[in-house]
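Undergrad: Generate coordinates for the sequence data below:
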Amino acid sequence: MISGIRTTLLVLAAIGTAGAAFAQEETDNRVAAEADWGVFVSSDPMECLAVSRPEEMLNTRDGEVVEVRRGETRLFVFYRPGANVNGQVAFTGGYPFAGNSTVEMDVDGTKYELFVEGEWAWPAPEDDATIVAAMKAGSKAVLAGRSGRGTNTQDTFSLIGFTAAVEEAARRCN
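TA: All right, here's what the predicted structure looks like:
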């Protein structure tokens with residue numbers, strides 16, 4: 001499993017401000033837009049992120065497509081110099097994930113496992129750089145998870161503009 005407490009604290013610290021920053025998308029926190037990706041910066045604490053919404057969302061239960069109510073669904077890459085967070089991948093599915101489940105991330109046929117806590121999922125820290133590199137080279141990322149209510153979700157993210165957005169976020173928090 002991942003290095004539990006350390007990673008959880010880093011992710012939760014990074015996510016706290018970033019979620020608020022993204023919620024204010026139309027404010028001054030948004031500093032750039034790169035095709036399907038946005039770049040956001042906050043200063044207290046200093047934090048930069050590249051973020052995108054899914055271009056397609058599929059929800060199924062018992063093999064049937066279902067309508068469900070979900071909150072914000074986003075894919076992020078965080079940079080938070082004060083906490084030594086440098087290119088951490090995180091995903092929020094807009095619902096609480098099933099306990100003891102994982103999210104599968106597929107970047108153009110290469111699969112990665114993301115660990116869940118509440119509505120958030122992230123890879124083991126040693127996988128972040130590999131996933132970011134795959135996303136830079138890829139065209140789409142598909143994240144598949146399962147809600148606590150048994151709904152299977154599949155969210156497809158375009159990677160058009162990802163490289164420029166993640167490099168801009170990294171530059172601003174360097």
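Undergrad: how many other residues sit next to the closest residue to G82 other than its chain neighbours?
TA: Among residues not flanking G82 along the chain, P45 sits closest, at 5.0 Å (Cβ to Cβ, 6 or more residues apart in numbering). The way it works is simple: take the backbone N, C-alpha and C, and place the C-beta from them, glycine included. Applying other Cβ atoms under 10 Å, we find 13 residues neighbouring P45.
Undergrad: Repeat that for F115.
TA: 19.
Undergrad: who's in contact with M46?
TA: Counting by Cβ atoms under 8 Å, 6 or more residues apart in numbering, M46 makes contact with R80, P81, G82, C173.
Undergrad: Could you do A170 as well?
TA: C48, Y79, N86, G87.
Undergrad: Tell me which of those fall in strands.
TA: Among the contacts of A170, the members found in strands (DSSP state E) are C48, Y79, N86, G87.
Undergrad: Please list only the buried members of the residues you listed.
TA: Buried by 16 or more other Cβ atoms under 10 Å: C48, Y79, G87, out of the ones in strands among the contacts of A170.
Undergrad: how close does the first one get to V66?
TA: Which is C48. Noted for C48: a distance of 36 Å to V66, by Cβ to Cβ, to the nearest Å.
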